[in-house]
Each structure stands twice: as C-alpha cells, then as structure tokens.
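J.: dropping the sequence and predicted coords here.
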Amino acid sequence: MKMIRPVAVTPATLTSSVPETAPGAWAGGTAYGEGERASIVTGSRAVVYESLAAANVGNDPVSSPAWWREVATTWLAWAGGTTYGEDDRALDAANRLEYVSLQAGNLNHPLTDAAWWYPLPSNRWAMFDQVNGTATRARDSLTVTIDLAGRIDSIALFNVSAATVQITVSTAADGIIHDETINMASDSGITDWFAYFFEEIIRRSDLVRLNLPFYANPAVTVTLSDPGSEVSCGTLVLGAARELGAAQYGASIGITDFSKKEADDFGNYVIIPRAFSRRGRFTVWTGNTQVEALLSLMGDYRATPVVWIGEENMAVTALFGFYKDFNVEIAYPTVSVCTLEIEGLT
C-alpha cells in the first residue's frame with residue numbers, strides 16, 4: 001500500500017489552457033490571428049473561442065467552426081450595477097472563485113453576502129481544490145503544465161471524463177524525459193466476446209501513475225482529449241509516493257451516498273441526487289522498524305487529504321481523502337499489523 005503526498009499548485013507554477021478571465025468580446029471588424037481568443041458574452045457568462053487561422057475577420061465564432069474552436073466557459077467579474085438571476089455567476093479572479101447567485105433580482109449585493117451568493121472554485125482551479133465533484137471543464141481538450149520545485153514520482157487524476165490522457169515530464173536540461181498516453185476505455189465487465197462487441201463502451205474515471213522519473217524541478221504537462229466533446233477533471237494530484245507496507249487480501253471499498261431519499265405516507269419516494277464519497281478499509285503488514293516512522297507520518301497528514309493506493313494494479317483501491325482511523329498492532333517480533341480506515345472526499 002502506498003500514499004501520494006501532494007505538492008501545492010499555485011498561480012506561479014500553473015499554466016492552463018482554461019482561461020481564468022474572459023478575453024475581449026468578439027468584434028466582427030477585428031482581424032484575429034491564429035491562436036488569438038475572443039469571447040461571446042451572454043449576461044455574465046463568457047464562452048471563450050480560439051481562432052484557427054490568421055486573417056480571421058467577420059466569422060462569428062458560434063457559427064464558424066472552420067475558423068474558431070470553443071475552448072471553455074468563464075464568467076465576468078461582479079459588477080454592482082448588474083442584476084443577476086438565480087444560478088448566474090460572477091468571477092472573483094483574485095481569490096480563484098466563482099460565486100453562484102442564490103436568488104433572482106440579485107442587484108448590488110456584494111459577493112460577501114452569503115444570503116445572495118455561494119462560492120465555488122473557478123473553472124481553471126476546480127481540479128486543484130479538495131472536492132472531486134467540482135471539475136475543470138473544457139471543449140475538445142484541456143492542458144495544464146505545473147512547474148515544480150523539488151522532485152515527484154507520482155500523479156493521480158480523479159473524476160475524469162476524457163478519451164485519452166497524455167502525461168509528459170520534462171526538465172530544462174534534458175527536455176522531455178517521459179511521454180505516455182493512456183486510453184481511458186475500460187475493459188471492466190467484458191467477460192466474453194458478446195460483451196466485447198455489444199456492451200456499451202465505458203471509460204475509467206480515475207487514473208494513477210507511480211512511474212514518473214524522479215528528476216529535480218520537472219515540468220509536468222497533462223492533456224485530456226476527446227475531440228468533439230467536453231473533457232473534465234475533478235482532481236489532479238502530484239507528489240512523491242511513500243510505501244506503507246503490504247496490503248492484506250480482504251480489503252474493503254465502498255460508497256457513502258449523500259442523496260436525499262424520503263418516502264411519503266403512501267411509500268412514494270422523493271429522491272434528490274447529491275454527492276457521494278468513496279471509502280476503504282485496509283489491513284497493512286509492515287516491519288517493526290517502520291512503525292515509528294509510520295506513526296510520525298500519519299501525525300503529519302492527519303488533517304491533509306492525500307492519495308491512498310491499496311493495490312497498484314487495482315485503480316478502484318485508489319482514494320483521495322483522509323484517514324479516519326489508524327491503528328498499529330505489534331503482532332510479531334519483526335512485523336506489525338496496521339489498520340487504516342479511509343474516508344474519500346466528495
């Protein structure tokens with residue numbers, strides 16, 4: 001069993017294809033160069049498009065797919081004179097947040113007024129918060145590069161929607177030292193040829209790699225792709241893996257559902273879907289010489305979400321969350337038995 005200790009991602013280390021603030025509104029008389037961006041603004045919502053060619057004049061991004069590609073959606077900054085409807089949003093770029101209007105007729109209420117606004121991470125930063133259910137979303141592809149100080153050897157992605165995920169690692173001195181593309185199609189549940197040909201294709205939503213080169217100060221680039229569709233990532237974690245011991249067979253994994261399900265007097269149910277989290281319980285065997293270090297490690301990460309990996313070859317045993325309970329039984333002269341109860345984040 002292993003854990004990945006996450007490194008912090010900051011504005012200084014992140015480069016993302018997802019815009020934080022909206023570029024200028026599209027103007028029909030402006031000549032856009034290849035790669036330049038413009039926004040189509042509706043209310044407080046800004047859909048960002050990127051020009052596919054030079055000398056791009058008079059081609060409406062919404063109706064000119066040969067000239068423009070949709071990139072992602074962002075929101076305009078809060079404006080005191082704007083009336084916001086329910087579910088409209090306003091961007092607080094300084095704090096990397098989007099605020100959702102809780103009521104219609106929201107006029108001149110500052111973002112700090114909790115009766116009128118609810119904060120969420122901005123689209124660019126949603127994949128780096130501590131909630132799997134808030135995802136960074138883009139059209140066709142999503143690329144992030146994190147310039148790191150120090151060393152890492154592992155990466156984990158959760159709540160992913162993409163056809164492929166490409167991971168590259170490079171350094172200033174050596175160039176690209178790792179380049180891997182993973183097909184997210186899953187063969188889980190394919191038990192015979194009939195299922196292979198006729199069952200619906202499903203994709204993995206989680207991905208863990210523990211094989212990144214352990215170079216100093218690397219740049220890690222991750223690209224999610226699915227041409228013609230939306231791609232998204234709920235959580236991306238980079239860090240160094242730490243061996244905890246050997247997980248014993250008999251581990252359990254499951255789901256805690258926070259949906260609301262209530263029956264009336266006649267047995268009819270009203271179901272309100274809500275978030276869910278994953279959980280796991282593991283028994284781990286480790287040498288007695290490691291017990292002191294493990295207790296110290298668990299103390300350091302007692303209130304920090306990390307990635308827990310029960311078995312490297314079983315992605316379903318990877319959880320992003322915290323431990324609820326950790327115990328060590330010094331069972332034998334040279335070996336101890338540890339129990340870990342993990343609570344995943346929603």
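T.: Thanks, I have the structure now. Everything numeric in this text was worked out from a predicted model, so none of it was measured.

J.: and the average pLDDT for the longest helix anywhere in the chain is what?
T.: If you go by DSSP state H, the chain has its longest helix at helix 291-300. Averaging pLDDT along helix 291-300 yields 94.

J.: which elements pack onto it?
T.: Helices and strands touching helix 291-300, by 3 or more C-beta pairs under 8 Å, 6 or more residues apart in numbering; DSSP states H and E, are strand 318-329. From N, CA and C alone the C-beta is placed, and that goes for glycine too.

J.: for residue 338, give its distance to residue 283.
T.: Distance, residue 338 to residue 283, using C-beta to C-beta, to the nearest Å: 7 Å.

J.: residues in contact with residue 68?
T.: 49, 50, 51, 52, 56, 59, 61 (C-beta atoms under 8 Å, 6 or more residues apart in numbering).

J.: tell me the SS of residue 115?
T.: coil (DSSP: H, G, I helix; E, B strand; the rest coil).

J.: and the longest helix of the chain with strand 318-329, angle?
T.: Interaxial angle, helix 291-300 versus strand 318-329 (axes from the mean of the first three to the mean of the last three C-alpha atoms, to 10 degrees): 130 degrees.

J.: how distant is the helix or strand just after helix 291-300 from the center of its chain?
T.: Next helix or strand after helix 291-300 toward the C-terminus (DSSP states H and E): strand 306-309. Strand 306-309 sits 14 Å away from the centroid of its parent chain (C-alpha atoms, centre = their mean, to the nearest Å).

J.: counting contacts, what elements does strand 306-309 pack onto?
T.: The elements that strand 306-309 packs onto, with contact taken as 3+ C-beta pairs under 8 Å, 6+ apart, are strand 2-6, strand 219-243, strand 318-329.

J.: which of the contacts of residue 68 sits closest to residue 118?
T.: Lowest distance from residue 118 to the contacts of residue 68 (C-beta to C-beta) belongs to residue 49, with 28.4 Å.

J.: out of the helices and strands packed on strand 306-309, which one sits most buried?
T.: Ranked by mean neighbour count, the helices and strands packed on strand 306-309 are led by strand 2-6 with a mean of 21 (mean count of other C-beta atoms under 10 Å).

J.: contact partners of that one?
T.: 154, 156, 208, 210, 237-244, 301, 304-309, 312.

J.: with stretch 251-271 instead?
T.: 272-283, 310-311, 316-317, 319, 343, 346.

J.: now the buried members of those.
T.: Burial by neighbour count, 16 or more other C-beta atoms under 10 Å: within the contacts of stretch 251-271 this picks out 277-283, 310-311, 317, 319, 343, 346.
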